[in-house]
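J.: everything below, folded, please.
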Amino acid sequence: MTLLVNGGPGSLPDIFARPLADNLRQSLGQTVVVDNRPGAGGMVAMQQLKDAKADGHTLAIITNAHAVWNPYVFPHLTYSPSADLKPVSPIAILPMALVVNPQLGVHSVPELVAKAKAEPGKLNYASSGNGSPPHVLFEVWRNQAGLEVEHIPFKTGPDALTSTVAGDTQVYFAGTALVEAMVRDNKLKVLAVSPCVNSSTFAAAPTMEQAGFPGYESAVWLGVVAPADTSDVVVNTLNTAIAKALANPRFASIMQANGSIPLHESASDFAHRIDHERQTWGPQIERIGIRPN
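T.: Numbers count the residues shown, from 1 in each chain. Predicted structure coming up:
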């Protein structure tokens with residue numbers, strides 16, 4: 001089996017794909033290879049999944065971006081989330097953190113907003129690529145706050161993290177798991193988090209709602225999908241294997257150590273979740289007019 005990951009080694013999807021692959025090897029009795037395919041807003045990985053045989057031997061790790069947001073971001077998307085992807089199971093909720101380079105000299109979301117408004121167009125923010133969660137979620141927040149901040153896309157999350165720590169970019173809205181070590185070492189300053197963070201590193205940080213943006217929800221989910229024509233029998237077998245993996249204490253400890261919340265649903269409930277988010281997020285992203293740089 002091949003598990004496609006739209007992210008490089010060390011990226012958030014990769015962090016969870018590898019222990020998932022290990023658990024699937026044990027429960028399914030098959031070799032499971034993690035294949036990193038970052039870039040192009042997930043289109044590289046999704047195109048490979050689209051072209052694969054629908055026999056359950058090629059799967060992909062996805063986020064909200066691949067299943068919900070991309071059609072509203074990329075004018076020429078090379079796959080259709082609704083026609084080419086078959087939901088198998090979610091695996092985790094990933095809290096997000098708004099962090100800045102300490103040299104920026106801001107210590108709260110209001111201070112960041114004030115600085116950005118005082119210097120329109122001068123600040124920049126990193127993301128793990130066009131259409132990625134850090135890109136879309138920051139743009140939604142930027143629009144709500146009425147700010148002019150330049151987007152600097154990178155190919156992977158670790159690349160964006162390195163840039164922000166170095167000060168080449170100033171702001172990054174990323175998964176808490178990716179930035180926690182740098183926040184702990186005072187190489188990044190955390191300004192706010194999404195509501196569901198269970199980590200002493202972020203204990204003092206307000207939520208985005210508490211920072212003055214009511215109704216703003218920034219958590220990201222990870223899930224597994226198969227090619228569209230994969231049979232329900234195969235999908236249900238894979239869903240059961242993923243449920244078993246998530247129940248493994250060792251896998252659960254890896255998730256907890258990386259700030260995530262395990263999430264399992266039936267394949268049909270996962271499909272309903274995706275359909276609901278398309279209805280709620282789609283019009284919002286379309287109205288803002290998010291486009292690749």
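
J.: could you use CA atoms for every contact and neighbour count after this?
T.: Will do.

J.: sec struct for Val88, please.
T.: strand (DSSP: H, G, I helix; E, B strand; the rest coil).

J.: can you tell me how far it sits from Ala67?
T.: According to Cα to Cα, to the nearest Å, Val88 and Ala67 sit 12 Å apart.

J.: so those two - more neighbours on which side?
T.: Taking neighbours as other Cα atoms under 10 Å, Val88 and Ala67 compare with Val88 leading, 31 against 25.

J.: list the contacts of the more buried one.
T.: The neighbours of Val88, taking Cα atoms under 8 Å, 6 or more residues apart in numbering as the test, are Gly223, Val224, Val225, Ala226, Val235, Asn236, Leu238, Asn239, Ser266, Ala267, Phe270.

J.: one more: Gly41?
T.: Applying Cα under 8 Å, 6+ apart, one finds that Gly41 lies in contact with His66, Asn70, Gly129, Asn130, Gly131, Ser132.

J.: OK, contacts around the last one?
T.: With contact taken as Cα under 8 Å, 6+ apart, Ser132 is in contact with Gly41, Ala65.

J.: what pLDDT is listed against it?
T.: The model reports Ser132 with a pLDDT of 84.

J.: what about it, distance to Ala245?
T.: Distance, Ser132 to Ala245, by Cα to Cα: 26 Å.

J.: okay, now Leu12: neighbour count?
T.: Leu12 has 23 neighbouring residues, counting by other Cα under 10 Å.

J.: that one reaches Gly175, doesn't it?
T.: Yes. In this structure, Leu12 is within contact of Gly175 by Cα atoms under 8 Å, at 7.3 Å.

J.: follow-up on the earlier one: export the contacts of Val88 to JSON lines and append columns for distance to Ala145 and secondary structure.
T.: Shown next, in JSON lines, are those (distance: Cα to Cα, whole Å; DSSP: H, G, I helix; E, B strand; the rest coil):
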{"residue": "Gly223", "distance to Ala145": "30", "secondary structure": "strand"}
{"residue": "Val224", "distance to Ala145": "33", "secondary structure": "strand"}
{"residue": "Val225", "distance to Ala145": "34", "secondary structure": "strand"}
{"residue": "Ala226", "distance to Ala145": "37", "secondary structure": "strand"}
{"residue": "Val235", "distance to Ala145": "42", "secondary structure": "helix"}
{"residue": "Asn236", "distance to Ala145": "43", "secondary structure": "helix"}
{"residue": "Leu238", "distance to Ala145": "42", "secondary structure": "helix"}
{"residue": "Asn239", "distance to Ala145": "40", "secondary structure": "helix"}
{"residue": "Ser266", "distance to Ala145": "37", "secondary structure": "coil"}
{"residue": "Ala267", "distance to Ala145": "36", "secondary structure": "helix"}
{"residue": "Phe270", "distance to Ala145": "31", "secondary structure": "helix"}
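
J.: got a winner among those for most neighbours?
T.: Within these, most neighbours by other Cα under 10 Å means Ala226, with 30 neighbours.

J.: identify the bridge partners of that residue.
T.: Lys86 (DSSP bridges).

J.: contacting residues around it?
T.: Residues in contact with Ala226, defined by Cα under 8 Å, 6+ apart, are Leu49, Ala54, Gly56, Thr58, Leu59, Ala60, Leu85, Lys86, Pro87, Val88, Val235.

J.: apply 10 Å and report the result again.
T.: Contacts here follow Cα atoms under 10 Å, 6 or more residues apart in numbering; on that basis Ala226 touches 3, 46, 49-50, 52-61, 84-89, 234-235, 238.

J.: ChimeraX command for the buried members of those residues?
T.: Those of those that count as buried under 16 or more other Cα atoms under 10 Å are selected in ChimeraX with:
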select :3,46,49,50,52,54,56,57,58,59,60,61,84,85,86,87,88,89,234,235,238
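
J.: secondary structure element for Ala243?
T.: Taking DSSP states H and E as the definition, one finds Ala243 inside helix 232-247.

J.: cool, Gly7 as well?
T.: Per DSSP H and E: nothing holds Gly7, as it lies in no helix or strand.

J.: surely it meets Ala60?
T.: No. Gly7 sits out of contact with Ala60 when judged by Cα atoms under 10 Å, with a separation of 11.1 Å.

J.: overlap in contacts of the two?
T.: Asp35, Asn36, Ala45.
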